Every structure is written in C-alpha cells, then in structure tokens.
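> the sequence isn't on hand, but the structure is:
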C-alpha cells in the first residue's frame, strides 16, 4: 500500500492551504492510500496560539510560521529519515518533503501591489519567508519537485528564482462539487431572507481575509457606482481589519448596502444568497473561492489572477476585469444583466471539470512516479519541467 505524509501546519476544511491538504487526504483515502499527517502538533508547536486579530494575532502568526519553518523542518526531516517508505507532500513553511506545493509567492504578491521593497522591508515575516524560500528553491536536496497551481505561477517562480534547482509541474486545485452545489429555490430564498435581501436587490459577495491585496477598496467604490439596488456582503477579515475598512468614508457612504459578516469557515450560506462573487485581487496563487462560487452556480467577476483566466469566461459564467473601480463596476453590471438560469448552469458546469477526485489522482500519479522501480530511473529526476 502507498503511504503519503502531508507536511503542513494544519489540515482541515476552511483553513486555506490546510483545506487543500484536507481534500487530498479524503480523496487519497477513498483510493486506498494510507495517508499520514505531519502538522504543527507533530512539530511540537501545538502550544502556539491560533492567530486572531490585532498585534497578538500577528505575533501568533509569526511564531507559527517561524516554528514550522525551523523546528518543523528539523523534525519533519527526522520523521522522513525514519520512514523512507513514505512519499511526502509539503504544503507550507517546512523545508522538507518530496514534493513542495507552491501555494503563493510573497514577493510576487508584493510586486503586484507596488513598492514591493518597502512592503517587504516593513514586515519582518515577509523578509523571513522570502529568504527561506530562496534557499528552498536554490537547493537540490530540499525537495524533489515543485507543484505550481497555474502556469502563470510557474512563470513567476522562474522569474523570481532564476537559480531554480528543482523540476516543476503544474497541478491546479480542485473543488468539492458535492459540498459546494447550487442551492434549491427554498435554500436560496431562506439564505436571502436571513440577510434581509429584498426580491429586487442584487447581492455582490466578497470572500477574503487580506482586504488590500484582494481589492476590497476598489470593489466598494464599484458597488457605490452601481446604484441602490446592489448590496455588498464581505465575508472574512480579522476584527481589526474589519474595523479599519468599515471606518473608511467609502464604506460609510454605502450605509446599509454594505455588510461585514466577519470570518467564517463555511462560506456556503452566503454563496447561496449571492448573485455574483467579486474577486478583484492584485495577486492570487490560485483563488480556490472562485471554484467554490462556480460550483454553487454563482458567476464570478475577477481580475486575471490565479485560476481566473482558465475558468472564467466573459459573458458565459462571469467576467474578467481590470483592477479599477470602473472596470469592476462594468463587469458586475454586465454579469447581473445575463439570464440568471443560463449563467448559473454555466458556472456549475465549469466547476464540475475541476473535482478533487481528478486532482488527487494527478498528484498520486506524480508521487508514484518519483519512486522508480529497482534499476529504472524516474522521469521526474534531473530537471524535468
């Protein structure tokens, strides 16, 4: 039996990168794979607090990232030496594992927003992670293969790390098409009633925790221009981020047309009520929420980042827009003008082509290819791309 260990600080639904590991774990288990975990608990860091809002939350995040990058690396390597039969996938922080999944490039995110050197310099955690990852990508013994989520991310990786010493492959994320599905008419009516939406009102949904990088200020301006029949609901963000954004003049100008719901592990109640998901990000390594929205039959208006160019089709299941308030407003208006039944069906059809079952099998093929039969060289060794 094949045994795979996933190395990442946490694993579970609604945990960002940890949710990817969670879905892969479920699908591999269905395929008869023995799946193990190496998380913060196995790295001896269970005592570290969960990041919350404010300064304490930021310090907790720093502690967890640094611990898993250092102590976690040492303990993960020790575990792998003790279990040479296990194939390994690293999703975050630790510099250990056969395969490293590139879930995002901090330097690329900073460059996309401008003044990247200043942004990096004023955040010690960003300096730490970029230095760590320069070592990760320039050394041949750290990993055996890098998985990028989209082709554009692979291009950025090679631009930022011209001394890249590892072979790479592109494997996108998936979506749980059973859990994320279009609501029944009754479910949609109930979800909209709980949000106090009138029958004539159209709801724009934003889901994300990094308001600046993900373009929320631009979206607020765009919704302001769309008129009184359009409301914006924001799911995500720490309490301090929400407080800052809600206190801005642009947010105040929207009045009761803007609602901050806070962070929630399950976005489905809001997706059931939404008419469109807006994601005008400056940078995304993938953008899993895009697939989750499409799976729920919600069209997407987004900038051409992450998976968006591959899954969003103008006038069919959404719109790809420029990162300006005018461009976002035009995109939302054009999608809201589409025939609802057709656009929701097209959104669902797109998502069904990206199930986690398909993605898990792709990973399994790559992982088993890393272990050649005796005397046979692996095709993925020595610079395959």
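Yep, that arrived. What you see is a predicted model; the values in this text were computed from it and never measured.
> buried residues in stretch 65-81?
65-70, 72-73, 75-77, 79-80 (16 or more other CB atoms under 10 Å). Where C-beta positions appear, they are placed from N, C-alpha and C, glycine not excepted.
> including distance to residue 182 and pLDDT, could the residues you listed go into TSV?
As requested, these are exported to TSV (distance: CB to CB, whole Å; pLDDT from 0 to 100):
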residue	distance to residue 182	pLDDT
65	37	96
66	42	97
67	41	97
68	38	98
69	41	97
70	45	97
72	40	98
73	43	97
75	44	98
76	40	98
77	45	97
79	42	97
80	43	96
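> residue contacts, residue 7?
By CB atoms under 8 Å, 6 or more residues apart in numbering, residue 7 lies in contact with 38, 72, 76, 88, 89, 90, 91, 94, 96, 97.
> ok so, going back, which of the buried residues of stretch 65-81 sits closest to residue 235?
Nearest to residue 235 among the buried residues of stretch 65-81: residue 65, at 24.3 Å, using CB to CB.
> quick one: list the elements packing against the helix or strand of the chain at the bottom of the mean pLDDT ranking.
The helix or strand of the chain with the lowest confidence, counting by mean pLDDT, DSSP states H and E, is helix 116-121 at a mean of 70. Judged by 3 or more CB pairs under 8 Å, 6 or more residues apart in numbering; DSSP states H and E, the packing partners of helix 116-121 are helix 106-113, helix 124-138.
> quick one, which of these is nearest to residue 162?
helix 124-138 (9.5 Å).
> could you look up the next helix or strand downstream of that closest one?
Per DSSP states H and E, the first helix or strand lying C-terminal to helix 124-138 is strand 145-148.
> chain center to the next helix or strand after that next one: distance?
Next helix or strand after strand 145-148 toward the C-terminus (DSSP H and E): helix 151-160. Centroid separation for helix 151-160 versus its chain: 17 Å, with CA atoms, centre = their mean, to the nearest Å.
> hmm, who's touching the least confident helix or strand of the chain?
For helix 116-121, using CB under 8 Å, 6+ apart, the contacting residues are 106, 107, 110, 113, 126, 127, 130.
> next secondary structure after the longest helix belonging to the chain?
Ranked by residue count under DSSP state H, the longest helix found in the chain is helix 54-82. Following helix 54-82 in sequence order, the next helix or strand is strand 87-90 (DSSP H and E).
> give the buried residues for that following strand.
So, applying 16+ other CB under 10 Å, buried residues of strand 87-90: 87, 88, 89, 90.
> name the helices or strands packed onto it?
strand 3-7, helix 54-82, strand 99-102, helix 356-369.
> would a markdown table of these with distance to residue 324 be doable?
Shown next, in a markdown table, are these (distance: least, CB to CB, whole Å):
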| stretch | distance to residue 324 |
| --- | --- |
| strand 3-7 | 40 |
| helix 54-82 | 30 |
| strand 99-102 | 29 |
| helix 356-369 | 33 |
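> all helices of the stretch 201-350 of the chain, in order?
For the stretch 201-350 of the chain, the helices defined by DSSP state H, counting those that start in this stretch occupy 216-226, 239-246, 249-254, 268-273, 288-295, 308-311, 325-336, 340-351.
> closest one to residue 21 among these?
Of the helices of the stretch 201-350 of the chain, nearest to residue 21 by CB to CB is helix 288-295, at 12.4 Å.
> list the buried residues for the closest one?
In helix 288-295, counting by 16+ other CB under 10 Å, buried: 288, 289, 290, 291, 292, 293, 294, 295.
> contacting residues around the second one?
Counting by CB under 8 Å, 6+ apart, residue 289 touches 207, 208, 267, 277, 279.
> now with 7 Å?
The neighbourhood of residue 289, defined by CB atoms under 7 Å, 6 or more residues apart in numbering, consists of 207, 279.
> do the same with the last one
Applying CB under 7 Å, 6+ apart, one finds that residue 295 lies in contact with 175, 177, 180, 181, 348, 351.
> about what we covered before: could I get the buried residues of stretch 65-81 as TSV with distance to residue 203?
Formatted as TSV, the buried residues of stretch 65-81 follow (distance: CB to CB, whole Å):
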residue	distance to residue 203
65	35
66	40
67	40
68	38
69	40
70	44
72	41
73	44
75	46
76	44
77	48
79	47
80	48
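> residue 204 against residue 278, yeah?
Yes: the criterion here is CB atoms under 7 Å, and residue 204 meets it with residue 278 at 5.3 Å.
> and stretch 6-16, what's buried?
Going by 16+ other CB under 10 Å, stretch 6-16 has these buried residues: 6, 7, 8, 9, 10, 11.
> also stretch 157-175?
157, 160-161, 164, 166-175.
> same question, stretch 314-321
316, 317, 318, 319, 320, 321.
> and if you look at stretch 100-114?
Buried, per 16+ other CB under 10 Å, within stretch 100-114: 100-112.
> just give me the least confident of the residues you listed.
Lowest pLDDT among the buried residues of stretch 100-114: residue 112, with 76.
> give the residues shared as contacts by residue 204 and residue 278.
With CB under 7 Å, 6+ apart as the test, residue 204 and residue 278 both reach residue 332.
> more neighbours, the two?
residue 278 (30 against 25; other CB atoms under 10 Å).
> quick check: the more buried one vs residue 145, distance?
35 Å (CB to CB, to the nearest Å).
> and for residue 264?
Counting by CB to CB - residue 264 and residue 145 are separated by 35 Å.
> more neighbours: which of those two?
The residue with more neighbours, out of residue 264 and residue 145, is residue 145; 22 against 13, by other CB under 10 Å.
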